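**Q** A predicted structure for the sequence below; I have some questions about it.
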Amino acid sequence: MNNKDFYLEIKHVCKQTGARYGILHTPHGDVEVPMFMPVGTLATVKYLSPDELKELKAGVILSNTYHLWLRPGEDVVANAGGLQNFMKYDGPMLTDSGGFQVFSLSKNRKIEEEGVTFKSHLDGSKLFLSPEKSIDIQNKLGADIIMSLDECAPYPCDYEYMKNSVERTLRWARRGKDAHKNDKQALFGIVQGGEYPDLRKLCAEELVKMDFPGYSIGGTSVGETKEVLYKMLDYTLPYLPKDKPRYLMGVGSYDAILEGVARGVDMFDCVLPTRIARHGALMTSEGRLNIRDKKNEYDLRVIDENCDCYTCKNGYSRSYLRHLYKCDEGYGKRLLSIHNLRFLVKLMEEVRQAIKEDRFGDFKDEFFEKYGLNTTNPRGF
RNA sequence: GGAGGAGUAGCGAAGUGGCCAAACGCGGUUGACUGUAAAUCAAUUCCCAACGGGUUCGGCGGUUCAAAUCCGUCCUCCUCCA
């Protein structure tokens, strides 16, 4: 693709940690990194309008190839002029390749060299997704950033299986790159290799040889502990080029985000903030708050005094939010989702500021101290 | 005044001689959730010094080896007729 359409401009590297602050230029505008990207699988971040996403400064929105392929079909999206125009979100977007569904729908699929055969989770019909097909769909969906089809292997996974899987993922990356036809879209390669240092290194180096405009770290958030996740990062990041964006896939707990940033990750995405919001769990500057708890019944305080989200700013009380939650009202899910997303987006704003001021290491330490992580809630969120 | 019907755990509601501390739903409490098959899932919810024990099915009194379940009586509520 044209370098003028998509590139990472590193503006500052934290002297304490090596964390990077930069501007990611995309065809749909510039975004600052490190950043958190909300997930909108079916061309919508559940319950939120594009206006609300803009207000909370969401930046890049993720969507999903597998799900949009099934419904409404990539041609329907292409007919509307691509994802942004279809869902009326005018910021940058990213589509995942369907690689995660190779993992999450594992009971209904079969992996072969040519591609993956899925049994549709909707009607059971037989579907076949290849690296070329995934890229073709993503070309039609039209996101700014697209992903290679990979195998997101389970955890734990034995060495032999992982080695074969990595080699196949590399062949798929090559095939996807050759099939990629839309030069307005940046195709990222995905590093797999589980917890095996040599496989992570091999995968990263081989992908770098293919020269992608950005690199993802995959095979994470599949049940491994935080310690293993950090090892995976340590085994991968040193082999990725400094001038290209690095995207840690599926990570959204705030401790893992901070550890990722410290290691040089630029992009994160996760369903966690929106999903747990729908399930009544909120991220606050004092840790987790379960809105459904009876202790909130008469509590007129907002979720978090330090939050500037729409929900907190407008004084929606815990009492009211609990009421909406218990009545299963959609507006409650919306208000809670807005809060959690804004919490993470704002956290990233603070992260960037700290990097610019060469104090990200201190910021991270203070944050962990303040939030009491690794004590009551070792996994964070 | 007469005739029917009903009273079961916080609420609703099954159960109508032993397998009943009593289904199920709601409510309550607690976990979980990480490139979204997720407005989901799991545990727990009479009391206690708890892999055991104690007290329950409107009240009281009976029958029985055994009662939420059968009998008597009282109380309360509902419907219909006067």
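**A** Perfect, thanks for sending it.
**Q** Find the nearest non-adjacent residue to the residue nearest in space to the middle of chain A, please.
**A** By Cα atoms, centre = their mean, the mean C-alpha position of chain A lies nearest to A:Asp269, the distance being 1.5 Å. Counting by Cβ to Cβ, 6 or more residues apart in numbering, A:Asp269 lies nearest to A:Met37, which is 4.1 Å off, once chain neighbours are set aside. For glycine as for every other residue, the C-beta is placed from the backbone atoms N, C-alpha and C.
**Q** Surely that neighbour is within a strand?
**A** Yes - counting by DSSP: H, G, I helix; E, B strand; the rest coil, A:Met37 falls inside a strand.
**Q** ok, it - contacts?
**A** A:58-62, A:94, A:267-269 (Cβ atoms under 8 Å, 6 or more residues apart in numbering).
**Q** mind checking how far it is from A:Thr95?
**A** 11 Å (Cβ to Cβ, to the nearest Å).
**Q** one step back: so what pLDDT did the residue nearest to A:Asp269 get?
**A** Looking at A:Met37, its pLDDT is 98.
**Q** cool, A:Leu373 as well?
**A** pLDDT, A:Leu373: 56.
**Q** Smallest gap between the stretch 251-381 of chain A and RNA strand B, at which residue?
**A** Per Cβ to the nearest atom of the strand, A:Lys294 is where the stretch 251-381 of chain A lies closest to RNA strand B, at 2.0 Å.
**Q** now the helices for the stretch 151-300 of chain A?
**A** A:159-179, A:197-210, A:226-236, A:254-262, A:272-278 (DSSP state H, counting those that start in this stretch).
**Q** The shortest one: which residues count as buried?
**A** What that stands for is helix A:272-278. By neighbour count with 16 or more other Cβ atoms under 10 Å, helix A:272-278 contains the buried residues A:272-274, A:276-278.
**Q** quick one: contacts of that helix?
**A** Contacts for helix A:272-278 (Cβ under 8 Å, 6+ apart): A:38-39, A:45-47, A:252-253, A:282-283, A:333, A:336-337, A:339-341, A:343-344, A:381.
**Q** out of those, which touch RNA strand B?
**A** The residues of those that also fall near RNA strand B, by Cβ under 7 Å from any atom of the strand, are A:39, A:45-46, A:252-253, A:333, A:381.
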